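A.B. asks: The sequence isn't on hand, but the structure is:
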């Protein structure tokens, strides 16, 4: 890879799952990767695992807890000091998946939407000055789960009766509304930053390659793998959509990347369709206002250009 092709990519939640495999793939392609995680020991383990497989991997770490807006601000400052020339992409991958009991962020927002959406909303707003000089790209981690829910028009953060799966789906719909709306607003402001949404399909740990320090192998019945591979894939394959969305030359702002197979559950990365509810600009505007109020972060897009 030439110096002109080398990118600096930040991956949140890079110490496990999709984030780890995205970081490994980016490093293997020759890019510099900043692991943005809340657990320093797990980040060190991820870095060791990547370096075992990628000679001369260029890695760094910033401490980021998306469930604490104070940590989000501190992490943005840390990243600015680490990469003063700017960054080429940020993959907003980290998140809480299916919390069995209702939790809350440090500021009191329900944990799943507070981490998956609101923390990344604030993080993205603070990172835009690092992305603009490099015509950078924001990649938001969507989900096929967005197909099954709506947000409350009066209060996008309203939970009501708690269901872990429903709340996870709401958080992912919020992520996608924000991602597509950000792309529109950046374009309207004349910014060079692009915003892309990507999803991994149905990606499972048990179908992923073993990484001893990250995801040790587990003994399971021999039939599970072949049966599940009919409708699912490993997280290493699922991460390919995120990686392509971050550094692919054929990616454009506002696109939605995911597996091209049946019902977007598995397959090679391609531009796919999201439900119309994820492109609802009225809902996105309500969510934007609520998110600025809850996070205290405003997007001064006109000041970027």
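C.D. replies: Sure, I can see it. In this text the structure is predicted, and so the values were computed from the model without any measurement.
A.B. asks: hey, where'd the strands end up in this structure?
C.D. replies: For the chain, applying DSSP state E gives strands covering 8-12, 32-37, 59-63, 89-92, 137-141, 194-198, 203-204, 233-234, 256-259, 269-271.
A.B. asks: Kindly check the end-to-end length of stretch 155-167 for me.
C.D. replies: 14 Å (C-alpha to C-alpha, to the nearest Å).
A.B. asks: what residues does it touch?
C.D. replies: 98-102, 109-110, 112-113, 118, 145, 148-149, 152, 174, 283, 286-287, 290-291, 294 (C-beta atoms under 8 Å, 6 or more residues apart in numbering). To be clear about C-beta, it is placed using only N, CA and C from the backbone, and glycine gets the same treatment.
A.B. asks: Among the residues you listed, which lie within helices?
C.D. replies: 112-113, 174, 283, 286-287, 290-291, 294 (DSSP state H).
A.B. asks: Generate a markdown table for the strands of the chain, with mean neighbour count, distance to residue 210 and mean pLDDT as supplementary columns.
C.D. replies: Output for the strands of the chain, formatted as a markdown table (neighbours: other C-beta atoms under 10 Å; distance: least, C-beta to C-beta, whole Å; pLDDT from 0 to 100):
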| stretch | mean neighbour count | distance to residue 210 | mean pLDDT |
| --- | --- | --- | --- |
| strand 8-12 | 27 | 20 | 98 |
| strand 32-37 | 26 | 20 | 98 |
| strand 59-63 | 18 | 21 | 98 |
| strand 89-92 | 28 | 23 | 98 |
| strand 137-141 | 28 | 23 | 98 |
| strand 194-198 | 27 | 25 | 98 |
| strand 203-204 | 22 | 13 | 84 |
| strand 233-234 | 21 | 10 | 88 |
| strand 256-259 | 25 | 22 | 96 |
| strand 269-271 | 18 | 23 | 95 |
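A.B. asks: Need these in a markdown table (columns: distance to residue 124).
C.D. replies: Output for the strands of the chain, formatted as a markdown table (distance: least, C-beta to C-beta, whole Å):
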| stretch | distance to residue 124 |
| --- | --- |
| strand 8-12 | 10 |
| strand 32-37 | 12 |
| strand 59-63 | 15 |
| strand 89-92 | 7 |
| strand 137-141 | 6 |
| strand 194-198 | 8 |
| strand 203-204 | 23 |
| strand 233-234 | 28 |
| strand 256-259 | 17 |
| strand 269-271 | 22 |
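A.B. asks: Tell me which of those strands lies nearest to residue 122.
C.D. replies: strand 89-92 (11.0 Å; C-beta to C-beta).
A.B. asks: tell me what that closest one is packed against?
C.D. replies: Counting contacts by 3 or more C-beta pairs under 8 Å, 6 or more residues apart in numbering; DSSP states H and E, strand 89-92 packs against strand 8-12, helix 120-131, strand 137-141, helix 235-247.
A.B. asks: can you put these in CSV and add distance to residue 260?
C.D. replies: CSV is the format used below for the helices and strands packed on strand 89-92 (distance: least, C-beta to C-beta, whole Å):
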stretch, distance to residue 260
strand 8-12, 23
helix 120-131, 26
strand 137-141, 18
helix 235-247, 9
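A.B. asks: Can you say which of these is nearest to residue 50?
C.D. replies: strand 8-12 (11.0 Å).
A.B. asks: what angle do that closest one and strand 59-63 make?
C.D. replies: 40 degrees (axes from the mean of the first three to the mean of the last three C-alpha atoms, to 10 degrees).
A.B. asks: And for strand 8-12, what's in contact with it?
C.D. replies: Against strand 8-12 from outside (C-beta under 8 Å, 6+ apart): 19, 22-23, 26, 31-37, 62, 64, 66, 79, 83, 86-94, 120, 123, 127, 134, 246-247.
A.B. asks: Out of the ones in helices among the contacts of stretch 155-167, which is nearest to residue 181?
C.D. replies: Distances from residue 181 to the ones in helices among the contacts of stretch 155-167, taken by C-beta to C-beta, are shortest for residue 287, at 7.8 Å.
A.B. asks: From residue 279, how far out is that closest one?
C.D. replies: 13 Å (C-beta to C-beta, to the nearest Å).
A.B. asks: higher neighbour count, these two?
C.D. replies: The neighbour count for residue 287 versus residue 279, taken as other C-beta atoms under 10 Å, is higher for residue 287 (24 against 16).
A.B. asks: can you count the residues close to the residue lying closest to the more buried one once chain neighbours are set aside?
C.D. replies: Among residues not flanking residue 287 along the chain, residue 156 sits closest, at 4.5 Å (C-beta to C-beta, 6 or more residues apart in numbering). Residue 156 has 24 neighbours, counted by other C-beta under 10 Å.
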